[in-house]
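Sharing a model that was predicted from the sequence below.
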Amino acid sequence: MVSASSSPEPPRGAPSSPPGAPAAGAGSLRRIVAASLVGTTIEWYDFFLYGSAAALVFNKLFFPDSDPLVGTLLAFLTYAVGFAARPVGALVFGHYGDRVGRKKLLVISLLMMGGATFAIGLLPTHATVGAFAPVLLTTLRLVQGFALGGEWGGAVLLVSEHGDPRRRGFWASWPQTGAPAGQLLATGVLAALTALLSDGAFESWGWRVPFLLSGLLVVVGLWVRLAVDESPVFKEARARAEARKGRGSAAEELPLLAVLRHHWRDVLVAMGARMAENISFYVLTAFLLVYLTDHLDLSKQTGLNAVLIASAVHFTVIPAWGALSDRLGRRPVYLIGAVGVGAWIFPFFALLDSGDFGLITLAVTVGLVLHGAMYAPQAAFFSELFATRMRYSGASIGAQFSSVAAGAPAPMIATALLAEYDGSAMVSVYVIAAALLTVVALACASETRERDLATVGEPAARLGDAAPSPAESSRQPVEP
């Protein structure tokens with residue numbers, strides 16, 4: 001990659017770099033990637049920790065009067081509440097992220113998520129305060145969901161808008177590795193605690209430890225995030241908006257209204273693309289623990305260790321899939337993942353039913369590798385769908401509104417199907433249906449790999465197009 005300093009200084013008044021040139025030097029870009037990765041890792045650690053705890057202990061600690069499967073369903077209901085808050089977070093964080101910048105909103109989201117997770121570790125249980133305990137748990141889950149609704153869009157945009165456009169898929173995939181890294185961290189801490197502690201000690205106090213550790217992680221995340229610069233693409237777009245305002249142009253539309261007016265098809269594409277990715281992930285990880293412990297009577301340690309190994313592989317393959325999307329395009333790589341998880345889901349459950357740890361680990365690992373083919377290009381793909389001044393809103397709305405219909409009910413639907421049909425066949429059909437929806441959405445989308453995020457007006461301009469002069473810019477369609 002070529003640093004910004006390697007080219008001769010442009011003439012006064014000329015663009016600082018041609019479209020398609022890297023927006024940041026290698027060292028700066030690595031710091032930005034690190035800031036996004038550390039933050040998303042912490043946020044996903046907090047979010048996945050709750051999901052694992054819901055499957056393992058929350059049914060006993062906060063819903064003890066229910067039978068085990070019903071208690072698990074109720075615990076997953078509080079888990080789903082977090083997803084319900086994510087679209088609200090997407091709207092609020094997207095609006096202000098498009099108005100005041102990506103960096104400030106990312107700091108706020110990290111503080112909110114970390115604070116809520118730390119507070120969960122201090123909660124009294126049902127045995128202490130009765131029905132008030134699940135109410136408190138649900139409230140903190142809402143805060144988690146609200147924060148995560150604003151986190152994802154800002155993190156991937158910060159990297160996408162700084163990075164080398166010709167390697168955008170690779171660089172933007174690194175914040176995506178925060179999901180398996182957070183899963184790895186959360187599952188690893190839980191696996192260590194369940195291995196070291198008796199069931200009684202873990203249910204009494206051990207489950208609180210990973211939640212309280214979030215406080216330390218947030219300090220690290222803030223230290224890294226506060227050191228990075230705002231996105232140059234956003235700063236340029238804001239400067240153009242101020243110039244238009246100074247010339248007496250009409251006031252800009254609210255980002256939400258602009259997205260719905262100019263990019264509603266792109267929002268639908270993003271929502272459809274998320275269906276297979278989101279549903280398959282939570283079936284492969286969160287529901288897996290229920291299936292192994294409640295249906296197959298295996299130890300929770302078996303499931304946790306399998307997810308731990310698979311998450312490590314997931315982490316390593318995401319950048320590789322992202323790099324491949326720079327060569328083949330976002331849609332072809334995404335399709336590999338969507339078709340792959342649909343084809344793998346029946347073998348996945350067959351391997352789980354063997355009860356063999358090695359085969360269970362293989363089942364989860366292959367599933368997450370295929371999931372990575374969707375998750376890796378998603379960051380660049382969604383960023384490239386929307387114009388700069390509405391990109392935070394558009395990417396966040398497309399990603400988070402779909403999670404209400406996809407990831408939120410996935411563990412509950414899978415658990416209910418398991419209880420109703422006493423087997424995995426209908427759960428497999430559920431995942432295949434999600435994969436088909438994603439294939440349809442991708443068939444309706446255009447390839448975005450060559451779009452230039454910094455272009456004034458039409459976001460579909462290709463890399464290498466000549467930068468418009470100020471006079472030409474004023475004649476082009478102006479992004480709202």
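That came through fine.

Dump stretch 159-171 to CSV, keeping only the CA atoms.
Extracted in CSV, the C-alpha atoms of stretch 159-171 (Å, rounded to 0.1, in the frame of the first residue of the first chain):
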residue,chain,number,x,y,z
VAL,A,159,-11.9,1.9,8.6
SER,A,160,-13.7,1.9,5.2
GLU,A,161,-13.4,5.7,4.9
HIS,A,162,-9.7,5.8,6.0
GLY,A,163,-8.4,2.8,4.1
ASP,A,164,-7.0,2.0,0.7
PRO,A,165,-10.0,1.7,-1.6
ARG,A,166,-8.5,-1.1,-3.6
ARG,A,167,-8.1,-3.2,-0.5
ARG,A,168,-11.2,-1.9,1.3
GLY,A,169,-12.7,-5.4,1.6
PHE,A,170,-9.6,-6.6,3.5
TRP,A,171,-9.1,-3.6,5.8
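
Helices along the stretch 101-250 of the chain, start to end?
102-120, 126-129, 132-160, 168-176, 178-196, 199-201, 208-212, 214-225, 232-246 (DSSP state H, counting those that start in this stretch).

Reformat those helices into a markdown table and put mean pLDDT next to each item.
Output for the helices of the stretch 101-250 of the chain, formatted as a markdown table (pLDDT from 0 to 100):
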| stretch | mean pLDDT |
| --- | --- |
| helix 102-120 | 88 |
| helix 126-129 | 85 |
| helix 132-160 | 86 |
| helix 168-176 | 93 |
| helix 178-196 | 85 |
| helix 199-201 | 86 |
| helix 208-212 | 91 |
| helix 214-225 | 83 |
| helix 232-246 | 78 |
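
Could you single out the most deeply buried of these?
Each of the helices of the stretch 101-250 of the chain was scored by mean neighbour count; the highest is helix 168-176, a mean of 29, by mean count of other CB atoms under 10 Å. In this view, the C-beta of every residue, glycine as well, is placed from N, C-alpha and C.

could you say what helices and strands it packs with?
If you count contacts as 3 or more CB pairs under 8 Å, 6 or more residues apart in numbering; DSSP states H and E, helix 168-176 packs onto helix 26-53, helix 132-160, helix 300-328, helix 357-383.

tell me which residues in the shortest one are buried?
Put plainly, it is helix 357-383. Going by neighbour count (16 or more other CB atoms under 10 Å), the buried part of helix 357-383 is 357, 360-383.

what do you get for the first one?
Judged by neighbour count using 16+ other CB under 10 Å, the buried positions of helix 26-53 are 28-29, 31-33, 35-53.

Over to the third one?
Buried residues in helix 300-328, counting neighbours by 16+ other CB under 10 Å, are found at 300, 302-315, 317-319, 321-326, 328.

Y96 is nearest to which of the helices of the stretch 101-250 of the chain?
Closest to Y96 of the helices of the stretch 101-250 of the chain is helix 102-120 (CB to CB; 5.7 Å).

low-confidence ranges in the protein?
Applying pLDDT under 70 to the chain flags residues 1-27, 55, 65-76, 79, 163, 245-252, 455-480.

what distance separates stretch 203-223 from the centre of its chain?
20 Å (CA atoms, centre = their mean, to the nearest Å).

try stretch 229-249
With CA atoms, centre = their mean, you get 28 Å for stretch 229-249.

With stretch 372-379 instead?
With CA atoms, centre = their mean, you get 10 Å for stretch 372-379.

And for stretch 227-234?
20 Å.

Stretch 324-335 now?
So, by CA atoms, centre = their mean, the centroid of stretch 324-335 is 19 Å from its chain's centroid.

now do stretch 312-331
The answer for stretch 312-331 is 15 Å, by CA atoms, centre = their mean.

Name the residues that touch it?
166-174, 176-177, 180-181, 183-184, 332-334, 337, 365, 368-369, 371-373, 375-377, 379-381, 384, 442, 445, 447-449 (CB atoms under 8 Å, 6 or more residues apart in numbering).

just stretch 195-211 next, same as before
Against stretch 195-211 from outside (CB under 8 Å, 6+ apart): 49, 53, 56-57, 60-61, 117-118, 120-122, 186, 189-190, 193-194, 301.

for stretch 393-403, same thing?
83, 86-87, 89-91, 93-95, 97-98, 149-150, 152-154, 156-157, 255-256, 258-259, 263, 266-267, 269-272, 274-275, 278, 378, 382-383, 385-387.

do that again at 7 Å, thanks
83, 86-87, 89-91, 93-95, 98, 149-150, 152-153, 157, 255-256, 259, 263, 266-267, 270-271, 274-275, 278, 382-383, 385-386 (CB atoms under 7 Å, 6 or more residues apart in numbering).

Chain neighbours aside, what residue packs nearest to A276?
In space, and not counting its chain neighbours, A276 is closest to T438: 3.7 Å by CB to CB, 6 or more residues apart in numbering.

how close does that neighbour sit to T139?
Using CB to CB, to the nearest Å, T438 is found at 33 Å from T139.

do the same with F315
32 Å.

Now stretch 258-272: buried residues?
A258, V259, L260, H262, H263, D266, V267, L268, V269, A270, M271, G272.

How about the contacts made by the last one?
Residues in contact with G272 (CB under 7 Å, 6+ apart) are L437, T438, V440, A441.

Next one: the third one relative to A433, how far apart?
Which is V440. From V440 to A433 the distance is 11 Å (CB to CB).

re earlier: so which of the buried residues of stretch 258-272 sit within strands?
Judged by DSSP state E, strands contain none of the buried residues of stretch 258-272.

In CSV: those, plus distance to H295.
Below are the buried residues of stretch 258-272 laid out as CSV (distance: CB to CB, whole Å):
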residue, distance to H295
A258, 48
V259, 42
L260, 43
H262, 47
H263, 43
D266, 40
V267, 37
L268, 36
V269, 36
A270, 34
M271, 31
G272, 31
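
What is the most widely separated pair among those?
Of all pairs in these, the most separated under CB to CB is A258 and G272 at 21.2 Å.

Please name the nearest non-neighbouring residue to the residue nearest the centre of the chain.
Centroid-nearest residue in the chain: W152, 5.2 Å away (criterion: CA atoms, centre = their mean). Closest residue to W152 apart from its sequence neighbours, by CB to CB, 6+ apart: A399 at 5.9 Å.

That neighbour and H314: what is the separation?
19 Å.

same question, W344
On the measure of CB to CB, W344 and H314 end up 14 Å apart.
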